[in-house]
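K.L.:
just a sequence and a predicted model for now, questions to come.
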Amino acid sequence: MGRLEGKNCIVTGAAGGIGLETCILFAREGANVLLSDISGPALERALEKLKSIVPDAKKLDTKVTDVSKEADVQAMVEHLDSWGGVDVIFNNAGIMHADDADAVDTPEKIWDLTQAINVKGVWFGSKHAVLSFRKHGKKKASVINTASVVALVGAATPQLAYTASKGAVLAMTRELAMVHAREGFRFNALCPAPLNTPLLQDWLGDDAAKRHRREVHFPTGRFGEAIEQAQAVLFLASDESSFVNGTDFVVDGGMTRCYVTPE
Ligand code: NAD
């Protein structure tokens, strides 16, 4: 028996990074998985990769979704009605815009775009998941929302809109966990540290100084890997974490516990 045998799971931002690694683990553990992303071609490439890695995967499907549009999110969740409803949703899609900066230089349209995807997208995903859980009479279900360590510690390399959005994800997830606890619906927030995924690495590019400015804060001396986040998501999705609710689940190699790193 896989750790997610028979569970119907949705992953947003599934085309790459943490999302795709999570889909691979979910499928390996016996889940039926709906991969969702704003990019259709990237989603199809992700599905092919997943099928080649997990040839005996159960049900797999894709759904192009912009998480900032409620109608899209509703259609994504209702896509699983014919599967028996959602058991697990990983609200993972997020952006960190190149023009996001400090209080003075962040353009308002970048602020609004970031909140629309990173915050409203998580709200819509949580809302329609709750409606699905109730419609299908689920007595236990798990929602995992991707926040970030920047919701916990301040950074002197600001992306103010992004940081504010991830703080909102933490606060929202905590409250959802309290409101729905008696229904058996768990909500936890994942807090990844900076990772080796395109979201950050494309932005850092070849700038060694910019890279070092971040790497020095890791006791381990390295960025995290997407798979290390996916392993945590698998735990939070599965019934193994049945008494874990409302947490800021930090997967950061010790970064947020650190004063001075080893030489
Ligand atoms: P990624 O860029 O590899 O993946 C993000 C995915 O989200 C992409 O496939 C993208 O197409 C999709 N997406 C973007 N806008 C969307 C929208 N409106 N609707 C649906 N999908 C959309 O990045 P990742 O590193 O795997 O990031 C996943 C999550 O982890 C994000 O929420 C990110 O903020 C968070 N995070 C990342 C890091 C890091 O260093 N990479 C650190 C902390 C938190």
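P.N.:
Great, that's in hand. Numbers count the residues shown, from 1 in each chain.

K.L.:
wait, D239 sits on K140?
P.N.:
Yes - the pair D239 / K140 is scored as a contact, 7.1 Å apart, by C-beta atoms under 8 Å. Yep, even glycine has a C-beta here, placed from its N, CA and C like the rest.

K.L.:
now do the helix or strand encompassing R213: everything it contacts.
P.N.:
Element membership for R213, per DSSP states H and E: helix 208-215. Contact with helix 208-215 is made by T157, P194, L204, G221, R222, F223, as judged by C-beta atoms under 8 Å, 6 or more residues apart in numbering.

K.L.:
same question, stretch 111-128
P.N.:
Under the contact criterion C-beta under 8 Å, 6+ apart, stretch 111-128 has outside partners 10, 12, 67-68, 70, 73-74, 76-78, 89, 91, 93-97, 100, 143, 145-146, 160-162, 164-166, 168-169, 172-173, 176, 187.

K.L.:
out of those, who's near the ligand?
P.N.:
Counting by C-beta under 6 Å from any ligand atom, T12, V67, S68, A93, G94, I95, M96, T146 from the contacts of stretch 111-128 sit close to the ligand.

K.L.:
and the gap between the fourth one and Q229?
P.N.:
Distance from A93 to Q229, counting by C-beta to C-beta, to the nearest Å: 14 Å.

K.L.:
so the residue lying closest to H128 once chain neighbours are set aside: helix, strand or coil?
P.N.:
In this structure, H128 finds its nearest non-sequential neighbour in V77, 3.9 Å apart by C-beta to C-beta, 6 or more residues apart in numbering. In the three-state summary, V77 is assigned as helix, counting by DSSP: H, G, I helix; E, B strand; the rest coil.

K.L.:
which ones are touching the residue of the stretch 51-200 of the chain found nearest the ligand?
P.N.:
The minimum distance from the stretch 51-200 of the chain to the ligand, using C-beta to the nearest ligand atom, falls at G94 (2.3 Å). By C-beta under 8 Å, 6+ apart, the residues touching G94 are G13, I117, N118, G121, T146, S165, L199.

K.L.:
how far away is the fifth one from M1?
P.N.:
T146 sits at a distance of 27 Å from M1 (criterion: C-beta to C-beta).

K.L.:
which of those two has more neighbours?
P.N.:
Ranked by neighbour count (other C-beta atoms under 10 Å), T146 and M1 place T146 first, with 26 against 7.

K.L.:
wait, doesn't that one sit right on I95?
P.N.:
No - T146 lies out of contact with I95 (C-beta under 8 Å); the separation is 11.5 Å.

K.L.:
mind listing the strands for the stretch 51-200 of the chain?
P.N.:
60-64, 88-91, 141-146, 185-192 (DSSP state E, counting those that start in this stretch).

K.L.:
these into JSON lines, with extra columns for mean pLDDT and distance to I18?
P.N.:
Formatted as JSON lines, the strands of the stretch 51-200 of the chain follow (pLDDT from 0 to 100; distance: least, C-beta to C-beta, whole Å):
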{"stretch": "strand 60-64", "mean pLDDT": "98", "distance to I18": "17"}
{"stretch": "strand 88-91", "mean pLDDT": "99", "distance to I18": "9"}
{"stretch": "strand 141-146", "mean pLDDT": "99", "distance to I18": "7"}
{"stretch": "strand 185-192", "mean pLDDT": "99", "distance to I18": "7"}
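
K.L.:
deepest in the core, which of these is it.
P.N.:
Of those, the one with the most neighbours on average (mean count of other C-beta atoms under 10 Å) is strand 88-91, at a mean of 28.

K.L.:
perfect, that will be all.
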